[in-house]
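A.B. asks: sequence below, structure please.
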Amino acid sequence: MNVRRSRSRRLSRVAVAIAAIQTMPGAPAGGLFGAAPACARPAPVVEVTVVADERCAPGLRDVVTEQLAPLARDVTWTCVRRLDEDALFRATARAPDAVGIWIDVSLTTEVRLLVRDQAAGRFVVRRLALAQGLDPVAREEVAPIVRAAALALVSGPDETLTRAQARAAVSAWPPPPDLPPTVSTHPPPRAPPPGGGVPPGPASAPPGTDAAVDRPSDRPPMALDLGALITGRAFSRSIPALGELGAFLQLSRGSWGAWAEGTYQLPASYRADPAGVDLASYAGRMGVTLSTRVARLLTVGGGAGFGAARISFRPSAGMGPVDLAAPSTFVAFSGRVLARAELDLGSRFRLGLALFGDVATARVHYDLSEPAGARRVVSAFLVQPGLELRLGWRL
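C.D. replies: So this is what the prediction gives:
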């Protein structure tokens, strides 16, 4: 019962926050979700900075990305260990029209949010209490509030805060428990005006009064995906196609990723007179990819890699008499180029489809020795195109 009451209170707070922004004069007429902003401003670049531990709240990143995708033409991510209050108000040259979002989840009791429209010099400041830390319910509450704050800047900047008002609101935040309070010469916050809102504050802090904090890093957080895959490839004239089952691992940071996979080739046979061959193999491959998000749920990219396959073959007798060689194995090396598309299935799962081509470093063939000389039974293609379907889970 306590959990249900806690979740009910949280959802009530989310509903109130969203309703407040929807009633702003500049809010879109069609509602908050799924509606385009009423103004003609193009979709901005959104720069998100997450203040968290070394794991960088991967679950929160997934749900926030889902909420921001319809509002932004590009979303970049940075993870830092401590909040630099100067960075909240310092202009950046990376994208003059960028909307900056800082999400501080380093505390277990609350989330602190600041959204800045760099071009207009307007701000939204929010705090959300957490009853049980950043659990899945809290992440689902925070993401719509982030979206609503960003939408308020884009569609109704006149209803947001000035730089001085935002700085005063941030200065009123209690210091983190693990940091001593800083001595400041800021005047105490004034009482709110009769009409409501945040009272104006100083435009800038005097030198030497801010706490020493780490500068934010430009490196986006790391993400790890695990999953299963199935492939089909062209192999030879005698054995037109081969199938593989396997597992993969992908480590990505921003648009770059490194992947590795292991596969088992389903057994394949070619029957002929006077001899045929049975084939099976195990393969391992690794490589890199470069990708970009082209829609809210769709990412496309390409990459390259290399691999090695341990191939087992067993000659098989046909209708006529023949002396068969003993079964054997050998290792074959190949390179791979690929183009891939991935569809997000919620915040954790991703469905990927890749078109690839494997190029063998040496021609693989299986021959029958006859008195007149060797006769080729199976000859593998030097270039083997194929399709790969995979289902991944982001840790």
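
A.B. asks: whichever strand or helix holds Gly357 pairs with which strands, and in what direction?
C.D. replies: Using DSSP states H and E, Gly357 falls within strand 349-360. Sheet pairing of strand 349-360 (DSSP bridges) gives strand 328-345 (antiparallel), strand 383-394 (antiparallel).

A.B. asks: next one: the closest residue to Arg293 other than its chain neighbours relative to Gly257, how far apart?
C.D. replies: Leaving aside its sequence neighbours, Arg293 sits nearest to Thr299 (Cβ to Cβ, 6 or more residues apart in numbering; 4.9 Å). All C-beta spots, glycine's among them, are computed from the backbone N, C-alpha and C. To Gly257, Thr299 is 10 Å away according to Cβ to Cβ, to the nearest Å.

A.B. asks: go on, Phe235?
C.D. replies: Distance check for Phe235 against Gly257: by Cβ to Cβ, it reads 28 Å.

A.B. asks: you'd agree Thr71 is up against Val46?
C.D. replies: To be clear, residue 71 is Leu; Thr isn't right here. Yes. Using Cβ atoms under 8 Å, Leu71 is in contact with Val46, at 7.2 Å.

A.B. asks: out of those two, which sits in the more crowded spot?
C.D. replies: Legend: neighbour count by other Cβ atoms under 10 Å for Leu71 and Val46, higher for Val46 (25 against 20).

A.B. asks: now the helix or strand harbouring that one: buried residues?
C.D. replies: Using DSSP H and E, Val46 sits in strand 45-51. Across strand 45-51, burial judged by 16 or more other Cβ atoms under 10 Å covers Val45, Val46, Glu47, Val48, Thr49, Val50, Val51.

A.B. asks: what's opposite the first one in the beta bridge?
C.D. replies: This means Val45. Applying DSSP bridges, one finds that Val45 bridges with Asp74.

A.B. asks: strands of the stretch 101-250 of the chain, residue ranges please.
C.D. replies: Here the stretch 101-250 of the chain has its strands, by DSSP state E, counting those that start in this stretch, at 110-117, 122-129, 222-234, 241-253.

A.B. asks: pull the residues that contact the second one.
C.D. replies: Read it as strand 122-129. Applying Cβ atoms under 8 Å, 6 or more residues apart in numbering, the external contacts of strand 122-129 come out as 13, 17, 109-117, 138, 141-142, 145, 149-150, 152-153, 157, 160-163, 165-166, 169-170, 173, 198.

A.B. asks: then the first one?
C.D. replies: Outside strand 110-117, the residues that touch it by Cβ under 8 Å, 6+ apart are 44, 51, 83, 88-89, 99-105, 122-130, 134, 138, 142, 145-146, 149-150, 152-154, 157, 160, 166, 170, 173.

A.B. asks: show me which of those are buried.
C.D. replies: Taking 16+ other Cβ under 10 Å as the criterion, what is buried in the contacts of strand 110-117 is 44, 51, 83, 88-89, 99-105, 122-126, 128, 130, 134, 138, 142, 145-146, 149-150, 152-154, 157, 160, 166, 170.

A.B. asks: the nearest residue to Pro385 once chain neighbours are set aside and Gly276, how far apart?
C.D. replies: In this structure, Pro385 finds its nearest non-sequential neighbour in Gly357, 4.9 Å apart by Cβ to Cβ, 6+ apart. According to Cβ to Cβ, Gly357 and Gly276 sit 27 Å apart.

A.B. asks: show me how the chain divides into domains.
C.D. replies: Listed by automatic domain parsing, the domain ranges of the chain are 2-171, 222-394.

A.B. asks: check the offset of the longest one from the chain's centre.
C.D. replies: Yep, that's domain 222-394 we're talking about. Between the centre of domain 222-394 and the centre of its host chain there is 26 Å, according to Cα atoms, centre = their mean, to the nearest Å.

A.B. asks: mind checking the end-to-end distance for that domain?
C.D. replies: By Cα to Cα, to the nearest Å, the extent of domain 222-394 from end to end equals 11 Å.

A.B. asks: now do the contacts for Gly303.
C.D. replies: Shown in contact with Gly303 (Cβ under 8 Å, 6+ apart): Gly257, Trp259, Gly287, Val288, Thr289, Leu290, Val337, Leu338, Arg340.

A.B. asks: er, Thr160 actually
C.D. replies: Counted by Cβ under 8 Å, 6+ apart, Thr160 has contacts Asp117, Arg122, Phe123, Val124, Ala152, Leu153.

A.B. asks: make it 10 Å
C.D. replies: Contacts for Thr160 (Cβ atoms under 10 Å, 6 or more residues apart in numbering) come out as 21, 24, 26, 115-117, 120-125, 149, 152-153, 166.

A.B. asks: please apply the same query to Ala304.
C.D. replies: For Ala304, the contacting residues are Gly287, Val288, Thr289, Leu290, Gly335, Arg336, Val337, Leu338, Phe356, by Cβ under 10 Å, 6+ apart.
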